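>>> predicted model, plus sequence, below.
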Amino acid sequence: MTNRIFKSGLGLLGVLAMSGAAAAQDAEARLVLNEETPMVTVADAPEHMADTGIRTIYSGWAFRTGTTQELQADDFINPAFLAVDEAIVAWDEVDGTAGESCANCHGDVEESMAGVRAVYPRWNEEAGELRTLAAQINNCRTEQMGAEPYKYDGSEMTAMEALISVQSRGMPVNVAIDGPVADIWEQGREMYYTRFGQLELSCANCHEQNYGNYIRADHLSQGQINGFPTYRLKQNALIQTQNRFRGCIRDTRAETYAVGSPEFDALELYVASRGNGLSVEGPAVRP
Amino acid sequence: MRHPAILAAGVAVFGTIVAADVVAPSSVVFGDYGAVEMSLSGQPGDPVSGLAVMETKGSGNCVACHQISTSEAAFQGNVGPPLDGVGGRWSTEELRGIVANAKMVFPDSVMPSFYRVDGYTRPGDAFTGKAAAGELDPLLTAQQIEDVVAYLATLTD
């Protein structure tokens, strides 16, 4: 399975680079999981992106090459599945003062968690708050189980997120952006266009204006999160969505936000919504 | 174009000046089109050091975004235009303005301002992710800017 993104032009002005990219991505790229589940890695941009100039959205998978792409296509060689196996054990394990496990409340993970990843972050009506998947997992742990919360971007959390993501693979990301979350979504959008740090770079500068271009050795993607948590070969670990945000903001020589902060939750909602229509792919593989 | 011999002579003459007048980042005077007339360090630039600044991660790292045929740096990026011939397209004063604060020449450019210390959103302490402690240093020193400009001026074809 070989696929390369060809990008015309040498990135003249941002606007040129943008339209060049849209026209030149390789739409022939196909990711089929385990030779049976086709993934949508290229899709029409959701309506709310009409004024961004981006008409086509691409999974981060489409910007990777050779082995990295192949590792993700086969669960037997995808290194993230070691963590998924650990989370299967954790799912059944009683933990905390209430004597409960995930399975006690939710039963079979394959049934109860199908479709969940696709709609997160989402509004929790009862609590009147936006919850990321990680926040929901920790809420179950502290409120239902009387257990300690997982570290927000720790290995137990990313493993559990990976297990839950697997149950939605191939389903389209479908995050709601209206109603009670409208203001939070707007806040996230503003962050996406804020030029942070001493390098004064926004998410959009890299992932909207320059996807397809190279920044030193890095082939810039659209910064989609449909493949999270992602297994990074360089770090030999699953990387949590907001941990990735923190890394990108740090790289602008800025003071970052904390994982699990209201700011990153808003940003996650907004970034997730830019992937509406792509397949849930997590846990994806990255170099 | 500056001839290497003239440049060497410049170094010999000015090299003896002890306390050169360094222009502080907040005192740089930009012309109407973003050019900066005066040397920021009061000293001529050294193109060899300039190339090193441009190729080094953690320093100028210009090759993160620009390709330069005469540079052997690995993985040159293409977020910005190639810099080949840039010394023919722009004067030394214009190049100094572009490197010191590209936004004076290209509004909204993604190119960072290498000789500026204020007006940032959540400036960090280098790449630690923590808030900057106290005043920021510019990304490059006055002399490094001059060195880079001296190298760019050699890129005439």
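Thanks, I have it.
>>> spatially central residue in chain A, please.
A:Ile225 (2.1 Å; CA atoms, centre = their mean).
>>> now do the strands in the stretch 101-250 of chain A.
A:122-124, A:129-131, A:214-215, A:218-219, A:230-232, A:237-239 (DSSP state E, counting those that start in this stretch).
>>> out of those, the one nearest chain B is which?
strand A:214-215 (4.5 Å; CB to the nearest CB). From N, CA and C alone the C-beta is placed, and that goes for glycine too.
>>> returning to that earlier point: looking at the strands of the stretch 101-250 of chain A, which is buried most?
The highest average neighbour count among these, using mean count of other CB atoms under 10 Å in any protein chain shown, belongs to strand A:230-232 at a mean of 23.
>>> what's it in contact with?
Applying CB atoms under 8 Å, 6 or more residues apart in numbering or on different chains, the external contacts of strand A:230-232 come out as A:60, A:78-80, A:83, A:237-239, A:244, A:282-287.
>>> where exactly do the helices run in the chain?
Defaulting to chain A. A:14-24, A:66-73, A:81-92, A:102-106, A:109-112, A:133-139, A:155-166, A:182-192, A:203-207, A:241-250, A:262-273 (DSSP state H).
>>> wait, chain B was what I had in mind.
Counting by DSSP H, the helices of chain B are B:4-14, B:47-55, B:86-89, B:92-100, B:142-154.
>>> can you redo the ones you listed as a markdown table with distance to chain A, mean pLDDT and mean neighbour count?
As requested, the helices of chain B are exported to a markdown table (distance: least, CB to the nearest CB, whole Å; pLDDT from 0 to 100; neighbours: other CB atoms under 10 Å in any protein chain shown):
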| stretch | distance to chain A | mean pLDDT | mean neighbour count |
| --- | --- | --- | --- |
| helix B:4-14 | 29 | 44 | 12 |
| helix B:47-55 | 11 | 98 | 20 |
| helix B:86-89 | 13 | 97 | 17 |
| helix B:92-100 | 14 | 98 | 24 |
| helix B:142-154 | 15 | 98 | 25 |
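>>> in stretch A:42-51, what's buried?
A:Val42, A:Ala43, A:Ala45, A:Pro46, A:Met49 (16 or more other CB atoms under 10 Å in any protein chain shown).
>>> which among the residues you listed gets closest to A:Thr158?
A:Ala43 (25.6 Å; CB to CB).
>>> so what sits opposite the closest one in the bridge?
A:Ile57 (DSSP bridges).
>>> identify the residues contacting it.
Counted by CB under 8 Å, 6+ apart, A:Ala43 has contacts A:Thr56, A:Ile57, A:Pro172, A:Gly277, A:Leu278.
>>> export the residues you listed to CSV and tack on pLDDT and distance to B:Asp125?
Listed next are the contacts of A:Ala43 as CSV, based on pLDDT from 0 to 100; distance: CB to CB, whole Å:
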residue, pLDDT, distance to B:Asp125
A:Thr56, 97, 38
A:Ile57, 98, 35
A:Pro172, 98, 41
A:Gly277, 98, 39
A:Leu278, 98, 36
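>>> how close does the closest residue to A:Ala103 other than its chain neighbours sit to chain B?
Nearest residue to A:Ala103, sequence neighbours excluded (CB to CB, 6 or more residues apart in numbering or on different chains): A:Asp92, at 4.8 Å. Taking CB to the nearest CB, to the nearest Å as the measure, A:Asp92 falls 37 Å from chain B.
>>> in this structure A:Asp92 contacts A:Cys102, no?
Yes - if you go by CB atoms under 8 Å, A:Asp92 and A:Cys102 touch, sitting 7.5 Å apart.
>>> distance between stretch A:167-180 and the chain's centre?
The chain centroid and the centroid of stretch A:167-180 are separated by 12 Å under CA atoms, centre = their mean, to the nearest Å.
>>> for that stretch, give me every contacting residue.
A:33, A:37-40, A:43, A:48, A:109-110, A:113-123, A:125, A:128, A:185, A:226, A:269-270, A:272-273, A:275-282.
>>> got a list of what the residue lying closest to A:Leu233 once chain neighbours are set aside touches?
Take A:Leu233 and drop its neighbours on the chain: the residue closest to it by CB to CB, 6+ apart is A:Pro287, 5.5 Å away. When contacts are counted by CB under 8 Å, 6+ apart, A:Pro287 touches A:Arg64, A:Thr68, A:Arg232, A:Leu233, A:Lys234.
>>> now the third one, which residues is it bridged with?
Residues found in beta-bridge contact with A:Arg232 (criterion: DSSP bridges) are A:Ala237, A:Arg286.
>>> do you know how far it is from A:Gln240?
According to CB to CB, to the nearest Å, A:Arg232 and A:Gln240 sit 11 Å apart.
>>> go on, the second one?
Between A:Thr68 and A:Gln240 the computed distance is 19 Å (CB to CB).
>>> same deal with B:Ser69?
From B:Ser69 to A:Gln240 the distance is 41 Å (CB to CB).
>>> who's more crowded, these two?
Neighbour count, other CB atoms under 10 Å in any protein chain shown: between B:Ser69 and A:Gln240, A:Gln240 has more, with 25 against 12.
>>> hang on, B:Gly129 packs against A:Glu255?
Yes - counting by CB under 8 Å, A:Glu255 is a contact partner of B:Gly129 at 6.8 Å.
>>> return the distance of the residue nearest to A:Gln198 when sequence neighbours are not counted relative to B:Val148.
Closest residue to A:Gln198 in three dimensions, ignoring its sequence neighbours and counting by CB to CB, 6+ apart: A:Arg253, at 4.0 Å. Going from A:Arg253 to B:Val148 by CB to CB gives 18 Å.
>>> what does chain A put close to chain B?
Residues of chain A found near chain B (CB under 8 Å from any CB of the partner chain) are A:10-12, A:14, A:17, A:194-201, A:205, A:209-210, A:213-217, A:220, A:246, A:249-256.
>>> again, only using 6 Å
A:10-11, A:194, A:196-199, A:205, A:210, A:213-217, A:250, A:253-256 (CB under 6 Å from any CB of the partner chain).
>>> by neighbour count, sort out the buried ones in those residues.
A:10-11, A:194, A:196-199, A:205, A:210, A:213-215, A:250, A:253-256.
>>> what residue ranges in chain B score low on pLDDT?
B:1-20 (pLDDT under 70).
>>> switch to 50 and redo it
B:1-18 (pLDDT under 50).
>>> which bits of it sit near chain A?
Within reach of chain A by CB under 6 Å from any CB, chain B has these residues: B:64, B:75, B:77-79, B:110, B:112, B:120-124, B:127, B:129, B:131.
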